[in-house]
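*Asks:* Could you work out the structure for the sequence below:
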Amino acid sequence: MPRFRSRRSIYFNFALLFLLAVVWCVSYAGPVLQSFFKEEHLFYGQVSYAAIPSVFGGSNVPFLDKTFFRINGDDSATFVLYASEEMLDEMSDWFSFAAINVGDVPLEISAVRLSDNRYIVKSLASTYGELDWETVSEYQLVNSLIALGIIGVCSVGFLIFFILAIRNKR
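*Replies:* Residues are numbered from 1 along each chain as shown. Model prediction:
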């Protein structure tokens, strides 16, 4: 009976799996992590466009549920709101991105610029209510620490399996 002797390919496959997990986590948590170290800007306006990605929308998984919106008809600036389902439910009492009158509600947005056209929302307020900085930053900080932990564990796993693959002779 032939035995499966190619441990090296198994180790490389596991190393690749861990590397993909690291890249995926960094791509989702990276913008939020960058926003902690940049200066905030204040914007005023009314929402002209809003989109909730349908692939992960409503999953309540941190950093997968995000809302993209634009204000004042400006197509060159996109705001990204990372918020939990609970935060969005509380916010829906005074503001909903899916409402018919979404463009009639004036907003004050505190956001951090990541690139020329991408902003991460730190707080959101209107005359009817607000999503304050403490709530948003606590959610982002806690989930960023969890994401950093996952990235660290997956990085160690990648290194272990990569070294095992290189050292294994078969």
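*Asks:* so where do the strands sit in this structure?
*Replies:* Assignment of strands within the chain using DSSP state E yields the ranges 40-51, 66-71, 78-82, 106-113, 118-126, 130-131.
*Asks:* okay, those in JSON lines with mean pLDDT, distance to Pro31 and mean neighbour count next?
*Replies:* Heads up, the C-betas are built off the backbone N, CA and C, glycines and all. Shown next, in JSON lines, are the strands of the chain (pLDDT from 0 to 100; distance: least, CB to CB, whole Å; neighbours: other CB atoms under 10 Å):
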{"stretch": "strand 40-51", "mean pLDDT": "89", "distance to Pro31": "15", "mean neighbour count": "15"}
{"stretch": "strand 66-71", "mean pLDDT": "88", "distance to Pro31": "9", "mean neighbour count": "19"}
{"stretch": "strand 78-82", "mean pLDDT": "91", "distance to Pro31": "7", "mean neighbour count": "21"}
{"stretch": "strand 106-113", "mean pLDDT": "92", "distance to Pro31": "9", "mean neighbour count": "18"}
{"stretch": "strand 118-126", "mean pLDDT": "92", "distance to Pro31": "6", "mean neighbour count": "20"}
{"stretch": "strand 130-131", "mean pLDDT": "90", "distance to Pro31": "18", "mean neighbour count": "19"}
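*Asks:* As JSON lines, these with distance to Tyr139 would be great.
*Replies:* What follows is these, written out as JSON lines (distance: least, CB to CB, whole Å):
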{"stretch": "strand 40-51", "distance to Tyr139": "16"}
{"stretch": "strand 66-71", "distance to Tyr139": "12"}
{"stretch": "strand 78-82", "distance to Tyr139": "7"}
{"stretch": "strand 106-113", "distance to Tyr139": "15"}
{"stretch": "strand 118-126", "distance to Tyr139": "11"}
{"stretch": "strand 130-131", "distance to Tyr139": "10"}
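*Asks:* right, and those strands - which one's nearest Gly152?
*Replies:* strand 78-82 (20.9 Å; CB to CB).
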